[in-house]
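>>> Got a predicted model here, sequence first, then my questions.
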Amino acid sequence: MTEETASRTTAWAAALAGVLAGTAGLAVAELVAAVVAPGASTLFAGGAAVIDAAPPWLKDFAVESFGTADKAVLLGSMGVVLALGAAAAGLLELRRPPWGAGLFGLVGIVGALIAILRPDATATWAVPSLVGVATSILVLRLAIRRLRLRPAPDAPEDAAGMDRRGFLLVAGAAAGTTVLALAGARLLSAGATAVKAARETLRLPAPRTLAPPAPADPPIAGLTPYVTPTADFYRIDTALRIPQLDPADWSLRVHGMVDAPFTLTWDELLALPLEEHHATLACVSNEVGGDLIGNALWLGHPIRNLLERARPRAGADMVLSRSSDGFTAGTPLEVLRDPARASLLAIGMNGAPLPVIHGFPARLVVPGLYGYVSATKWVTSLKVTTFAEDQGYWTPRGWSALGPIKVQSRIDVPRGPVSAGAVTVAGVAWAQHTGIGGVEVRADSGAWVPTRLADTVGPDTWRQWSVSLPLDRGEHTLEVRATDAEGRVQTDAKAPPAPDGATGWHRVSVVAR
């Protein structure tokens, strides 16, 4: 082996040593976080900080490009960046010690600071990052020591070699540490197992107020069903690690500008009169024609009753709801107190307990407002306050403080080639809490044609619609627009989701053969 080849091999081995050291450190940090607090995880605390710091345009890009896979993409991207940084640390430690170990140390200190600055964090949240980085430095120095060029016992004075066997032993030990630490972290994360068991054994109380039966779906292939199956319901939130809340330990604090603050336990919530309501929820990041929207049957207790019990003081105009992971949403107090609006502290979805990813054990459901100002999952606090005093999570990041849902419509079918002649065009339209009064469709900028609206249980849900249009052979552009129950026509003015929801008509191109 020439000196150049040996040097190149050693460099690759040093980079590998850095990656192995970094991976072992992260795994040990996960193990320690499982003991200290799941939120103290170096990786997840760092990811949450990235989400917090992301500007609105980047959030829009991530949701538009990756949809509900945005968190997996973020974690994967972070993994790639960390791996490259760890490889660089390995090369630095080989060529300019102790700069590689110093780079790891810097990352560990930053990780510890990020962790202790998370909402509801304590000083102990720094421990996982510090223990993890100490592990990384130890592994790195042990590995690099065996890569140092040194004379072989029987070689000439200018010959060089490295302790390959020693390096492989260190590499194997690092890999073994990673596997054992991750396995230990999984075993210690008993909270997820306990929460899963609690949900599976939970029997929801019978509602005092039943929702009307959902209307039958029109027999049109490809048309979105009136009730979105739970497994297909969109999920957009800021939680990289899904909160695991055992109902036995859950409580809701109602406080702030109230005369009678109180704390509601899980058993007390189950004993309250519950109501069923169908309601459509929509994400403010939904593009025109997008699928970040769903309709479900919700079971819960009216939020207005909780507020009446707390007796808000004069001057209050907002309720700041807080999730167990620190997310907050600012909702107009008058909306939550509106007796005509079924705003719920929900515990059930489509006849079953809330799925963990959708907020188990309790979340907010507020018809007519985008989720970023209303649909707090894993909710643990309702603070009666003012818009002048407090802000929800997204408001200081450039989004509107108020988020009323805009009139929108979407074409579901057709989405591919069709046979020329009479073509069925169908989709959904929504203007939650106001309701849809009409939907029109046109082809190739022609005359607007009224559609047939399917039945609905009320103004808080979307409506399915359909119409038959004659299409000649060739390519056609179909457009749809909706009118709400108060006569407001959906605008054609195009606007992005930020700062208060996308606008424009949904258009699709189809080919008739």
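Yep, it's here.
>>> Only C-alpha atoms from now on, for both contacts and neighbour counts.
Noted.
>>> centre of the chain versus the longest helix seen in the chain, how much separation?
In the chain, taking DSSP state H as the definition, the longest helix is helix 3-36. The chain centroid and the centroid of helix 3-36 are separated by 30 Å, computed with CA atoms, centre = their mean, to the nearest Å.
>>> could you say what helices and strands the next helix or strand after that helix packs with?
Using DSSP states H and E, the helix or strand that follows helix 3-36 towards the C-terminus is helix 42-53. For helix 42-53, the helices and strands in contact under the criterion 3 or more CA pairs under 8 Å, 6 or more residues apart in numbering; DSSP states H and E are helix 3-36, helix 70-95, helix 99-116.
>>> List the neighbours of stretch 188-206 that are in contact with it.
Taking contacts as CA atoms under 8 Å, 6 or more residues apart in numbering, the residues outside stretch 188-206 that touch it are 31, 34-35, 244-247, 270, 274, 348, 352-353, 356.
>>> Find the pair from these with maximum spatial separation.
Distances among the contacts of stretch 188-206 were taken as CA to CA; the most separated pair is 31 and 274, at 40.5 Å.
>>> Looking at these two, which one has more neighbours?
Each of residue 31 and residue 274 has its neighbours counted (other CA atoms under 10 Å); residue 31 has more, 27 against 22.
>>> so how many other residues sit close to the residue nearest to the more buried one when sequence neighbours are not counted?
The shortest distance from residue 31 to any residue other than its chain neighbours is 4.3 Å, reached at residue 185 (CA to CA, 6 or more residues apart in numbering). Close neighbours of residue 185, defined as other CA under 10 Å, add up to 21.
>>> Repeat that for residue 372.
One way to gauge burial is a neighbour count; for residue 372, by other CA under 10 Å, it gives 28.
>>> A strand includes it, no?
No: assessed with DSSP: H, G, I helix; E, B strand; the rest coil, residue 372 is helix; it does not lie in a strand.
>>> Test my guess that it contacts residue 284.
Yes: with contact taken as CA atoms under 8 Å, residue 372 and residue 284 are classed as touching, separated by 6.9 Å.
>>> one step back: mean pLDDT added to the helices and strands packed on helix 42-53, as JSON lines?
Putting the helices and strands packed on helix 42-53 into JSON lines (pLDDT from 0 to 100) gives the following:
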{"stretch": "helix 3-36", "mean pLDDT": "85"}
{"stretch": "helix 70-95", "mean pLDDT": "86"}
{"stretch": "helix 99-116", "mean pLDDT": "91"}
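>>> Out of these, flag the one nearest residue 423.
The minimum distance between residue 423 and the helices and strands packed on helix 42-53 falls on helix 70-95, with 35.8 Å, by CA to CA.
>>> where in the chain is pLDDT low?
Filtered on pLDDT under 70, the chain yields the residue ranges 1-6, 56, 60, 63-64, 67-68, 149-162, 189-192.
>>> follow-up on the earlier one: are there residues contacting both of residue 372 and residue 284? Which ones?
residue 403.
>>> what does stretch 116-131 contact?
With CA under 8 Å, 6+ apart as the criterion, stretch 116-131 contacts 25-26, 28-33, 36-37, 39-42, 45, 108-109, 111-113, 115, 325-326.
>>> Quickly note the distance from the closest residue to residue 14 other than its chain neighbours to residue 130.
Counting by CA to CA, 6+ apart, the nearest residue to residue 14 once its immediate chain neighbours are dropped is residue 90, at 4.9 Å. Per CA to CA, to the nearest Å, residue 90 is found 19 Å from residue 130.
>>> Repeat that for residue 9.
When distance is defined by CA to CA, residue 9 is 31 Å away from residue 130.
>>> try residue 234
Plainly put, residue 234 is 37 Å away from residue 130 if you go by CA to CA.
>>> again with residue 229
The gap separating residue 229 from residue 130 is 44 Å, by CA to CA.
>>> ok, now residue 215?
If you measure residue 215 against residue 130 using CA to CA, the figure is 57 Å.
>>> Comparing these two, which residue is more hemmed in?
For residue 215 and residue 130, the more surrounded residue by other CA under 10 Å is residue 130, and the numbers stand at 22 against 13.
>>> tell me which element the more buried one is part of?
For residue 130, the element it lies in under DSSP H and E is helix 127-145.
>>> Specify the angle between that helix and helix 99-116 in degrees.
Relative orientation of helix 127-145 versus helix 99-116 (axes from the mean of the first three to the mean of the last three CA atoms, to 10 degrees): 170 degrees.
>>> 20 is where my numbering starts, stick with that
In the new count, where the first residue is 20, that last one comes out as helix 146-164.
>>> Please save the CA atoms from helix 146-164 in CSV.
Taking only C-alpha atoms (Å, rounded to 0.1, in the frame of the first residue of the first chain), the coordinates of helix 146-164 have been written out as CSV:
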residue,chain,number,x,y,z
VAL,A,146,-28.2,16.1,31.0
PRO,A,147,-29.0,13.9,27.9
SER,A,148,-27.1,16.2,25.5
LEU,A,149,-24.1,16.5,27.9
VAL,A,150,-23.9,12.8,28.6
GLY,A,151,-24.3,12.1,24.9
VAL,A,152,-21.6,14.4,23.8
ALA,A,153,-19.2,13.0,26.4
THR,A,154,-19.9,9.6,24.9
SER,A,155,-19.2,10.9,21.4
ILE,A,156,-15.9,12.5,22.5
LEU,A,157,-14.7,9.3,24.3
VAL,A,158,-15.5,7.1,21.3
LEU,A,159,-13.9,9.5,18.8
ARG,A,160,-10.6,9.8,20.8
LEU,A,161,-10.4,6.1,21.3
ALA,A,162,-10.9,5.4,17.6
ILE,A,163,-8.6,8.2,16.3
ARG,A,164,-5.8,7.0,18.6
